[in-house]
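Undergrad: Give me the fold of what follows.
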Amino acid sequence: MRSISTASHHFLEDVAAIAESGCTAIVCLPLLPSGGQAGGSSSRRSSNGWAGSSSSRCSSDGPPCLGALTVGFTSDEDINSTSLKGALLLAHALAREQREALEEQAALVSSLLLPPPAGAGDAAGSDGWESEPEAGWEPSESDGEAAEEGWREGQHTASRDGGATGSSGSGAGTAAAQQARAQRDTAGACSGGTASQPFSLGLLSFGTAEQERAFASYHARHMQRVDLCAYAICLAFFCMEAFVPGTPFFLVQRMGWRCLLGFVGLLPGALLLSKRTRGWFAACRDLLLAFTWAGTTIWLTSNGNYMHVLERATFRNPLYLRSFGWLTVVGLAFQMRFRFQLAAATLAFAVNCQLLPAICEAFYDDLAPARCLMLGLLRVALHGVALPLACCYVFESHARRLFLRAQAGGKRRPASALLGLRASCS
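TA: The predicted structure follows:
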């Protein structure tokens, strides 16, 4: 058995693709619902009776067909009872596990190509796919598990060897079905349906504490690389300020080894260096980032934002932002959930801006004290509080929408694993 392809349309394209892989014999098996009746012995004869038929054979007198499994063999001698039994079990597993996706696609294709049947509106409580199971045809549980395991291994081989091709269904039909499903999932997630509750746009929080905790875990997990980069960059900048002689700071010379206390706020970043402690960091992420905020605020406020260390020309440099640029850096680098970020940024601003009158008196004596104070507060509020909070709000809103989509999509297996499957088999 060299190649397998599932399709509900474009049978000739599947045959051509399988023939290119070196197969000279092709067998087409119907994908029937797991509970569908195969019409006596027609299912056992599907390896012969369905060969050469179109890849989606659905008729009123035949079994309800969801699609077809096209199997290619190297030669006619390779078609034996063992290989056919494996192919039949694989077709049964595909139809059972991906029934929802196949029915949706088949219904879409039927609605596009076939007229609606007479009296379709009278059939209440039936989706048109129910039928009685055939006695003796249902495979055993062990056979079903073996077929499912073989199908998963085939998927892994296809993704590893790069043999996956889109040969399932009409291209427009498949895209329309997937787009409709994505729109339904998104609408159900954002409208407060049974899958998830909507989040308030004020402080960005979900309606239930359980869902908020799930999002906190999701957010912390996906922000670990960002947090690691933030701690690494801030550590590099502080080392440059403390130990590099060519900088205007060179804190180790002007403050002595007391400057090492500035590293205290960055200590939580060490938990991200080991896989054993990353889980603990993720569980306590907001608390640890709050510690970083508090440590940095206390360090800079106690040292007057280095106004006793820097020269006048350096302090008045526009890029230094009147010594309050650290609020922007910390606000953009260490982003907690928005409700905590709002509290941390506001408190840090209120505590650190107590230095503004002394800074105006020492370095901006050419401005009136009231004007210097008013302009300073406005600039610090804009670039040190409003800008980081706006970025945090936008990023977290997007993260919450992704979380809702992940919750909605996690309740079903993706149909893309089946649609257009073409795997090489040994």
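Undergrad: State the distance spanning the first to the last residue of stretch 356-376.
TA: End-to-end span of stretch 356-376 (C-alpha to C-alpha, to the nearest Å): 7 Å.
Undergrad: Just the buried residues of that stretch, please?
TA: Buried positions in stretch 356-376, judged by neighbour count with 16 or more other C-beta atoms under 10 Å: 356, 359-360, 363-364, 372-373, 376. To be clear about C-beta, it is placed using only N, CA and C from the backbone, and glycine gets the same treatment.
Undergrad: pLDDT averaged over that stretch, what's the number?
TA: In this model, stretch 356-376 has an average pLDDT of 91.
Undergrad: ok, residues contacting that stretch?
TA: Residues outside stretch 356-376 that contact it (C-beta atoms under 8 Å, 6 or more residues apart in numbering): 304-305, 307, 312, 315-316, 322-324, 353, 377, 380.
Undergrad: among the residues you listed, which are in helices?
TA: 312, 315, 377, 380 (DSSP state H).
Undergrad: Can you verify residue 246 is assigned to a helix?
TA: No. Using DSSP: H, G, I helix; E, B strand; the rest coil, the assignment for residue 246 is coil, not a helix.
Undergrad: Now, of the contacts of stretch 356-376, which are buried?
TA: Buried among these by 16+ other C-beta under 10 Å: 305, 307, 315, 322-324, 353, 380.
Undergrad: quick revisit: single out whichever of the contacts of stretch 356-376 has the smallest pLDDT.
TA: When these are compared on pLDDT, residue 322 comes out lowest, with 81.
Undergrad: I'd like the distance between residue 16 and residue 68.
TA: Between residue 16 and residue 68 the distance is 15 Å, computed by C-beta to C-beta, to the nearest Å.
Undergrad: out of these two, which sits in the more crowded spot?
TA: residue 68 (26 against 11; other C-beta atoms under 10 Å).
Undergrad: who's that one bridged to?
TA: residue 7, residue 30 (DSSP bridges).
Undergrad: Return the subset of the buried residues of stretch 356-376 lying in strands.
TA: Assigned to strands by DSSP state E, none of these qualify.
Undergrad: from those, which two are the most distant?
TA: By the measure C-beta to C-beta, 363 and 373 form the most distant pair in those, at 12.9 Å.
Undergrad: Can you convert the buried residues of stretch 356-376 into JSON lines and add a column each for distance to residue 29?
TA: Below are the buried residues of stretch 356-376 laid out as JSON lines (distance: C-beta to C-beta, whole Å):
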{"residue": "356", "distance to residue 29": "78"}
{"residue": "359", "distance to residue 29": "80"}
{"residue": "360", "distance to residue 29": "83"}
{"residue": "363", "distance to residue 29": "82"}
{"residue": "364", "distance to residue 29": "83"}
{"residue": "372", "distance to residue 29": "82"}
{"residue": "373", "distance to residue 29": "81"}
{"residue": "376", "distance to residue 29": "77"}
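Undergrad: I'd say residue 262 and residue 239 touch.
TA: No. Counting by C-beta atoms under 8 Å, residue 262 does not reach residue 239; the two are 9.9 Å apart.
Undergrad: more neighbours, the two?
TA: Between residue 262 and residue 239, counted using other C-beta under 10 Å, the more crowded position is residue 262 (19 against 12).
Undergrad: Secondary structure of the more buried one: a helix, I assume?
TA: Yes. Under three-state DSSP, residue 262 falls within a helix.
Undergrad: okay, now the residue nearest to it when sequence neighbours are not counted: neighbour count?
TA: Closest residue to residue 262 apart from its sequence neighbours, by C-beta to C-beta, 6 or more residues apart in numbering: residue 299 at 5.1 Å. Counted with other C-beta under 10 Å, residues neighbouring residue 299 total 17.
Undergrad: Equivalent analysis for the one 10 residues further on, please.
TA: Applying other C-beta under 10 Å, we find 19 residues neighbouring residue 309.
Undergrad: now, among the buried residues of stretch 356-376, which is nearest to residue 108?
TA: residue 376 (62.8 Å).
Undergrad: Spit out the contact partners of residue 345.
TA: 327, 331, 384-385, 388-389.
Undergrad: Which among the residues you listed count as buried?
TA: Applying 16+ other C-beta under 10 Å to these flags 327, 331, 384-385, 388-389 as buried.
Undergrad: and residue 327, what does it touch?
TA: 345, 348-349, 352, 380, 383-385, 388.
Undergrad: Which member of those residues is positioned nearest residue 233?
TA: Of all the contacts of residue 327, residue 233 sits closest to residue 388, with 15.2 Å by C-beta to C-beta.
Undergrad: Report the contact partners of the closest one.
TA: By C-beta under 8 Å, 6+ apart, the neighbours of residue 388 are 327-328, 330-332, 335, 341, 345.
Undergrad: swap the cut-off to 7 Å and go again
TA: Counting by C-beta atoms under 7 Å, 6 or more residues apart in numbering, residue 388 makes contact with 328, 331-332, 345.
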